[in-house]
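K.L.:
A predicted structure for the sequence below; I have some questions about it.
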Amino acid sequence: MNMRLEIETATTKLLDRLFEIEKHSFQKEAFTKAEIAYLLTDYNAIGLAARINGEVVGFAIGRIDAAMGISYGHILTIEALSSHRRKGIAEKLLTDLEALFKEKGAKESRLEVREDNAPAISLYEKLGYKRVSKLERYYGEAHGLYLKKTL
């Protein structure tokens, strides 16, 4: 079967679907529907949705932030439905998001990830992210890792 992966700008029109994917992926730590809506309309945020054969199966939201005079992209959430994992969806969302960060003047991309999320960590490291620090109890009881990459 031919798989057509397309990336588009995520808008609030897709909110219900994005929230479904978010809940499916993150359960307890999921963003609420209101938080996703807020992020999608935030001037500094960039939302992307991934469709396979027309169906939305993943999305990512990043935001341009600044610290100490350096503009950077912060990846807030990135996920694909488990039925569609290992198909390069997260990787495509991530590389597209990085390109948009760069276009908007960001010098680096930063993200947090659960310390026990091995598939995500290996994807980020493959794409050039480096571990900066450990985030104690960042996800409830679970620890997080803080990673960054120069764009």
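P.N.:
Yes, it's here.
K.L.:
tell me the spacing between Asp16 and Lys33.
P.N.:
Counting by CB to CB, to the nearest Å, the gap from Asp16 to Lys33 is 8 Å. Where C-beta positions appear, they are placed from N, C-alpha and C, glycine not excepted.
K.L.:
quick one, which of the two is more surrounded?
P.N.:
The neighbour comparison of Asp16 against Lys33 (other CB atoms under 10 Å) goes to Lys33, with 15 against 10.
K.L.:
and stretch 13-27, which residues are buried?
P.N.:
For stretch 13-27, a neighbour-count test (16 or more other CB atoms under 10 Å) marks Leu14, Leu18, Phe19, Ile21, Glu22, Ser25 as buried.
K.L.:
now render the residues you listed as CSV, adding pLDDT.
P.N.:
Putting the buried residues of stretch 13-27 into CSV (pLDDT from 0 to 100) gives the following:
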residue, pLDDT
Leu14, 96
Leu18, 95
Phe19, 93
Ile21, 92
Glu22, 88
Ser25, 78
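K.L.:
among those residues, which are in helices?
P.N.:
In helices, judged by DSSP state H, the following of those are found: Leu18, Phe19, Ile21, Glu22, Ser25.
K.L.:
that'll do, ta.
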